[in-house]
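Undergrad: Pasted the sequence and its predicted model underneath.
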Amino acid sequence: MLFDLHPKENRKELFGRDKEIEYAISQLYHGNWIVILGQREIGKTSLMKVIINEMKKRGIEGIYLNLRGIKSLNSLLSLLLSEINKGLTWKFHVNINFFVTSAGLEVKKGSKITQSLLELFLSTDEIVIGLDEVQELSQVSRQLLEVLGNVYMSNPKVHFIFSGSYVGLVQNLLNPSSSSPLHGRPPVEIKLTPFDKETSIAFLKKGMEELNVNFDKYEEVIEKLDGIVGWLSLFGNFYAVRKLEFIEALKKTIEEGKKIMWDEFSHFLEDKRRKELYCAIMESLKIVSRWKEIKLGVEIKVGKIDDKELSLALENLINYNFIKKENEEYHIIDPILKDLEYNC
């Protein structure tokens, strides 16, 4: 069902991404790793899960890991083992850093984390591993890149799919420096963009038809929510599944969307020294778009600010998919984000 709010796992339920699926499958078969990029609520997780399941249909095992809140390699290893021990039919041969119990694989006491990860990845038969929200591991980028570089060179049976914001680890993956273990071997980039108007209407129509619901206010929905599939699905769920009136369904979509995006923005701010600066930028971008205008608006709110600090903050917001830069103008990337009140 298109208006199911869970990430899609079946190709038949993933609307409008056939080209991306076919391209990803072909790249995996050619030995390339993949990075899926795009703004929030655009369907990165769904695409990753569908690709993994499509590879399973072709006889290649797969595993999906949501890295939200995972900040260390130790936490990554624990999450990986948890998924393996759920019953993954993954043939691997480990005996140095692990032992097998009735509950599954466990790490031997005193084992080094990087060596344990390497043993798992280097001992496996063919598998696709999806690491979602991989920017969460940016604090341990160097160690993880060492592991990944070793895996790439030593076990071509392991295929990685990454998704996340263009910061930290993702930047290092896509643009590896000459000293990087992955230098000369960057993953293939798949960037998801919002649906155009025609595709947005087709998506809503198909979703309504699945539920035998008559609907004709497509223009009004797209004007408010753009072509962002997460918001279109949420509206469809409120209207066609929960049977709310049109105005109420649209209102609830925006309200819930605001909660989701504020959580995302708050998570982004967690390690930022000047939270008020980022909030001032977002508030200013509701009104102005050029650098000098933004600086003036920000300084009215937080006082004098260095040019370099403002430029760096804008770059951070771009890399985390909160804003975009086009023709020397900056714009908030999502209509729901533009509706938020940024009170830091």
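TA: Sure thing, it's come through. Numbering: from 1, shown residues only.

Undergrad: Who are the contact partners of N343?
TA: By CB atoms under 8 Å, 6 or more residues apart in numbering, the contact list for N343 reads C279. For glycine as for every other residue, the C-beta is placed from the backbone atoms N, C-alpha and C.

Undergrad: can you confirm it is in a strand?
TA: No: counting by DSSP: H, G, I helix; E, B strand; the rest coil, N343 is not part of a strand but coil.

Undergrad: For it, report the pLDDT, please.
TA: Reported pLDDT at N343 in the predicted model: 89.

Undergrad: now the strands: where do they sit in the protein?
TA: Taking DSSP state E as the criterion, the chain carries its strands at 34-37, 61-66, 98-101, 104-107, 127-132, 158-163, 188-191, 323-326, 329-332.

Undergrad: Worst mean pLDDT among these?
TA: With a mean of 82, strand 98-101 has the lowest mean pLDDT of these.

Undergrad: Now for V241: which residues touch it?
TA: F3, L211 are the contacts of V241 under CB under 8 Å, 6+ apart.

Undergrad: how far away is it from I260?
TA: 18 Å (CB to CB, to the nearest Å).

Undergrad: Kindly report the same for K44.
TA: K44 is 14 Å from I260, where distance means CB to CB.

Undergrad: ok, these two, which is more surrounded?
TA: Neighbours per residue (other CB atoms under 10 Å) separate K44 from I260, with K44 holding more: 23 against 15.

Undergrad: Surely that one and G38 touch.
TA: Yes: look at K44 against G38 with CB atoms under 8 Å: they come within range, at 5.4 Å.

Undergrad: Touching both of these two, which residues are there?
TA: Common contact partners of K44 and G38 (CB under 8 Å, 6+ apart): L192.

Undergrad: Have a look at this protein and report its longest helix.
TA: Scanning the chain for the helix with the most residues, using DSSP state H, yields helix 246-269.

Undergrad: Mind listing residues that contact that helix?
TA: So helix 246-269 is contacted by 40-41, 217, 220-221, 224-225, 231, 234-235, 238-239, 242, 244, 275, 278, 282, 320, 322, 334, 336-337, 339-340, 342, 344 (CB under 8 Å, 6+ apart).

Undergrad: Next, the buried residues of that helix.
TA: Using 16 or more other CB atoms under 10 Å as the test for burial, helix 246-269 gives A249, L250, K252, T253, I254, E256, G257, M261, E264, F265, F268, L269.

Undergrad: now stretch 196-209
TA: S200, I201, F203, L204, G207, M208.

Undergrad: possible to save these as JSON lines with pLDDT?
TA: As requested, those are exported to JSON lines (pLDDT from 0 to 100):
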{"residue": "S200", "pLDDT": "98"}
{"residue": "I201", "pLDDT": "98"}
{"residue": "F203", "pLDDT": "98"}
{"residue": "L204", "pLDDT": "98"}
{"residue": "G207", "pLDDT": "98"}
{"residue": "M208", "pLDDT": "98"}
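
Undergrad: of the residues you listed, closest to I25?
TA: Taking CB to CB as the measure, I25 lies nearest F203 of the buried residues of stretch 196-209, at 22.6 Å.

Undergrad: Beta-bridge partners for V107, please?
TA: F98 (DSSP bridges).

Undergrad: My read is that it contacts I96, right?
TA: No: V107 lies out of contact with I96 (CB under 8 Å); the separation is 10.6 Å.

Undergrad: Okay, Y29 and E54: tell me how far apart.
TA: Using CB to CB, Y29 is found at 11 Å from E54.

Undergrad: actually E283, sorry about that
TA: Distance of E283 to E54, given as CB to CB: 43 Å.

Undergrad: how far does stretch 202-222 sit from the chain's center?
TA: Taking CA atoms, centre = their mean, to the nearest Å, one finds stretch 202-222 lying 26 Å from the centre of the chain it belongs to.
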